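Student: Next one to model:
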Amino acid sequence: MPPIDAPRIAIFTHDTFGLGHIRRCTHFMQALSERSPESSLLLVTGSPAFNALGELPHNADCVKIPTVVKTGTRDHAPAHLPLPLSEITALRAHIVRESVLAFDPDVLLVDNFPLGSKDELLPTLQALRGRRTRTLLGLRDVLGAPDVVRKDWSRQGIYRVLERYYDAVLVYGSAELQDVAEAYRLPASVAAKLRYCGYVTGEAVEPASSESVRTTLGVASPFVLATGGGGGDAYPLLSTFVDALELLPPTPAVVVTGPLMSRAHRAELRDRSRAVADLTVVESLPDLRRYMAAASAVVSMCGYNTATEIVSTRCPAVVVPRTWRYGEPLKRRKAGTEFEQLIRARALAEKGFIRLVEPEDLVPERLAAGIRAAIEDPNEPSWEVDLEGRANVSRLLLQMASGGEDLHAAI
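Tutor: Prediction:
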């Protein structure tokens, strides 16, 4: 039986697409469990990919709310229940509110979206006002084009929400890559709540051995690895990668599609791989970072988690940031497409961590040239990155759960 005053910490992520948010939240839960085995941890999520991430810690459980998925850069739709989005949103709002209030956490961490996908978190935030729960918002280093974020936040009333309902805003990154207060023009009252926590990744890993690579992947070292993250939006890059291999000297290569790639796209890549010497296509790997660290070059997009894994493993990397819409063919950059990955990738390229191929340059010839350059002239970063986000955030959550007030001292 845990002590009566053992910490209770809840984490909410609506996570309508991909693996990034849910993976980051499970990193926190694992770290919290290691630091405080007697604590009680509750994850509330609508992630369609939750089952792909394995078991939660022994002292954690999950409340699954109905899933909504992105159908474009802004639109959402129910993934499974054949109900109107308004009914799904009301159902999600009710489940989140009742679950959080019944759990009565010392701290609630909200991941990246202050109100969830369609404001379903607002009733919970309103109900928590005046209660003992401390409410924190965690943000990625880059949310999108600053002018677009500012416009959206003004329209949605997010600045008022941050001021009224959140005790602190944690940034999973560094002000050196992007000054969040300046980029998004946070009011002074909100900027005072801002804390940079460093980048969030798993614990340090050793590169996979040559024997492990050969046994697990069926290829010899050295090899080139292309990863699609969750995979739902990765087909344009991975398809081009298969074509680019024909322009390179014979080299073993591995494509990791990700569990969210459509069956049709995954089958097509497998069919095409049969015509390419030493190309293996797999859905996932048990610890992708070990194989990234062992690869002679990694090809990927530039979502938060993938970018952080590249930085943490220091693997030679060629990055094509996604600006195309979810599940659609590659789009030329235009109004309405997404710039989050592009901003992050350009900053990392400037600091020497990656080789950047601009999205409109995603053709086999450009990608092959980038891979050759990454292999022959590996990265030379000019910046020492803080990768202690996992530890810093978990330490801060536990301090706040125990009634600590000094946020600076916890990081």
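Student: Show me what the helix or strand hosting Thr308 is packed against.
Tutor: Per DSSP states H and E: Thr308 is located in helix 304-313. When contacts are defined as 3 or more C-beta pairs under 8 Å, 6 or more residues apart in numbering; DSSP states H and E, helix 304-313 packs onto helix 20-35, helix 288-294, strand 297-300, strand 317-319, helix 340-350. Any C-beta I mention is one placed from the backbone N, CA and C, and that applies to glycine too.
Student: Reformat the ones you listed as CSV; add mean neighbour count.
Tutor: Below are these laid out as CSV (neighbours: other C-beta atoms under 10 Å):
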stretch, mean neighbour count
helix 20-35, 22
helix 288-294, 23
strand 297-300, 27
strand 317-319, 28
helix 340-350, 21
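Student: Gly232: which of those is closest?
Tutor: helix 20-35 (11.3 Å; C-beta to C-beta).
Student: what's whatever helix or strand comes next after the closest one packed up against?
Tutor: The C-terminal neighbour of helix 20-35 among helices and strands, as given by DSSP H and E, is strand 40-45. Where contact means 3+ C-beta pairs under 8 Å, 6+ apart, strand 40-45 is packed against strand 8-13, helix 20-35, strand 60-64, helix 85-103.
Student: Can you get me a residue count around Ser239?
Tutor: 19 (other C-beta atoms under 10 Å).
Student: Helix, strand, or coil at the residue nearest to it when sequence neighbours are not counted?
Tutor: Nearest residue to Ser239 in three dimensions, chain neighbours excluded: Leu269, at 7.0 Å (C-beta to C-beta, 6 or more residues apart in numbering). Assigned with DSSP: H, G, I helix; E, B strand; the rest coil, Leu269 falls in the helix class.
Student: For Leu269, give its distance to Gly228.
Tutor: Look at Leu269 and Gly228: by C-beta to C-beta, to the nearest Å, they are 10 Å apart.
Student: Compare these two (neighbour count), which wins?
Tutor: Neighbour count, other C-beta under 10 Å: between Leu269 and Gly228, Gly228 has more, with 31 against 22.
Student: In contact with the residue nearest to that one when sequence neighbours are not counted, which residues?
Tutor: In this structure, Gly228 finds its nearest non-sequential neighbour in Ala234, 2.6 Å apart by C-beta to C-beta, 6+ apart. If a contact means C-beta atoms under 8 Å, 6 or more residues apart in numbering, then Ala234 has 227-228, 257-258, 261, 301 as its contacts.
Student: of all these, which comes closest to Leu19?
Tutor: Nearest to Leu19 among the contacts of Ala234, with distances taken as C-beta to C-beta, is Gly258, at 7.3 Å.
Student: Can you report how many residues neighbour that closest one?
Tutor: For Gly258, the neighbour count with other C-beta under 10 Å is 24.
Student: before we move on, the earlier item: mind putting the contacts of Ala234 in a markdown table, pLDDT and distance to Phe241 included?
Tutor: Formatted as a markdown table, the contacts of Ala234 follow (pLDDT from 0 to 100; distance: C-beta to C-beta, whole Å):
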| residue | pLDDT | distance to Phe241 |
| --- | --- | --- |
| Thr227 | 95 | 10 |
| Gly228 | 88 | 9 |
| Thr257 | 95 | 11 |
| Gly258 | 89 | 13 |
| Met261 | 90 | 13 |
| Met301 | 95 | 11 |
